[in-house]
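In: return a 3D structure for these sequence lines:
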Amino acid sequence: MNEILSVGLILMSALVAGHLAQLARVPEVTGYLLVGVVIGPASLDLISHDNILTLGFLSDVALGLILFNIGSIFEASTFLQVGPGVARITVWEATLAFVLVLAVLLYSGMTLPLTLLLAVVAMETAPATTLMVLNEYDAKGPMTDRLLALVALNNVYVLVMFGIVTAGITMAEASGQGWLVAGYGAIHGLLWTTVGSVALGALLGLAMDFWAARAKEQGEAMILAIGAVLIAVGASHWLGLSPLISTLALGATMANASKHGDRLLRALGRADPPLYAAFFVLAGAELVPSSVLGLGLVGVFYTLARTVGKIVGTRIGLRGQTVPPLVRQQIGYCLISSSSLAVGLTIQIRSAFPEYAATVTGIVLAAVVIFEVVGPLLTRRALILTGEAQTMPPPLQEATADQPL
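Out: Numbers count the residues shown, from 1 in each chain. Just a heads-up that it's a prediction; the model follows:
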């Protein structure tokens, strides 16, 4: 199937899946993922592996837009209000997931380098899935405010930790004086990825602000916003930087250094739906549900340890913070989703450490199938229980009239 026909099929499938998801009383993102599985290589093969590879740029663009939106949450006034508490939660939930996964996998007999790689991937929370559910239900409230900042900080923390872990493994496996060269290369790569990505996003944000004053019409504002995100993503790939961090920094710069940030975000919102839909259908097409059957006992340990680490770590991080009791109970469940960044890190592991590629890929991708289906449902449930879901489709309103899901 040619790529243009594939894009049309993806969008129409997403449209149908969205309506079916409402009838089935599940989040739309779950419908997109499941229809992607149906039309993807794992089932009907209407969207082939070649199509997925060719259309990968759509996923990059959509993820860039998502991270730009999340980055805009880092407005100074908002972040000063929730930032310190959110940073503490992030450290606890991600670190505890790392420690628990590391412990159970070491106990199962895996080698230390392999367990470190799996543990650092387990720290990730999917920003795209989380934001999609929040947008679908027009979520507003203290949990939503914290959740948006949480997923942004989580992804930055994971990228930094991944750089540290891979640098440590590279140095440990180097022989003779080679560890000096390997260590320098790894540390230089980590600094370049983080500091360089932030600098790129900030510079683009300042340039975007300069032109925003001249973009009077809504269409011009949309062109400017999309163009800046595309440049951030493309330049990051070209320079060996992180598109996640650069687009986060771009959004944060617009939120703090521009008077036109809100107008550009509103303009960008008009282009979001088709790209988001394509992103999740393509993500679903890449999933292989049968891999769950081969997850094995080690994979079960990985899945359970990550889940417990996220939920318990969040509650520990919330200690001493003034938040509603329901938010304290539910926010950890909103951090279960795992997708794009976990897959991206897995691809990097395949390249840097091919000896661990098969095990890491098998466990992580099987777990992603579970977390991408369960995560949106848990997030939706938390929004309903905390009363932060402002809008719900009629079937769900009827279902929650008597009791929450």
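In: in stretch 52-72, which residues are buried?
Out: For stretch 52-72, the neighbour count (16 or more other CB atoms under 10 Å) marks 52, 55, 58-72 as buried. Just so you know, the C-beta spots here come from the backbone N, C-alpha and C atoms, and that holds for glycine as well.
In: same question for stretch 157-177.
Out: Within stretch 157-177, the residues scored as buried using 16+ other CB under 10 Å are 157-159, 161-163, 165-167, 169-171, 174.
In: apart from its neighbours in sequence, what residue is nearest Val26?
Out: Taking CB to CB, 6 or more residues apart in numbering, and ignoring the residues beside it in sequence, Val26 has Leu377 as its nearest neighbour in space, at 6.4 Å.
In: same question for the host helix or strand of that neighbour, mean pLDDT?
Out: The secondary structure element spanning Leu377 is helix 357-386 (assigned by DSSP states H and E). Mean per-residue pLDDT for helix 357-386: 88.
In: for it, packing partners?
Out: Under the contact criterion of 3 or more CB pairs under 8 Å, 6 or more residues apart in numbering; DSSP states H and E, the helices and strands touching helix 357-386 comprise helix 28-39, helix 112-122, helix 127-136, helix 142-173, helix 296-317, helix 325-330, helix 340-352.
In: quick one: contacts of the helix or strand just after the first one?
Out: Looking back up the chat, that one is helix 28-39. Scanning forward in sequence from helix 28-39, with DSSP H and E defining helices and strands, the next element found is helix 49-54. For helix 49-54, the external contacting residues (CB atoms under 8 Å, 6 or more residues apart in numbering) are 1, 3, 6, 40-41, 282, 285-286.
In: could I get these as CSV with pLDDT?
Out: As requested, these are exported to CSV (pLDDT from 0 to 100):
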residue, pLDDT
Met1, 73
Glu3, 81
Ser6, 89
Gly40, 88
Pro41, 88
Leu282, 85
Ala285, 84
Glu286, 80
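In: of the buried residues of stretch 52-72, which belong to helices?
Out: Counted as lying in helices by DSSP state H, out of these, are 52, 58-71.
In: who wins on neighbours among the contacts of helix 49-54?
Out: Using other CB atoms under 10 Å as the neighbour criterion, Ala285 leads these with 29 neighbours.
In: tell me if I'm right that the residue nearest to Val26 and Arg25 touch.
Out: No: between Leu377 and Arg25 there is no contact under CB atoms under 8 Å: 9.9 Å.
In: on that earlier part again, which one of the ones in helices among the buried residues of stretch 52-72 is nearest to Gly201?
Out: Taking CB to CB as the measure, Gly201 sits nearest to Gly71 out of these, at 7.6 Å.
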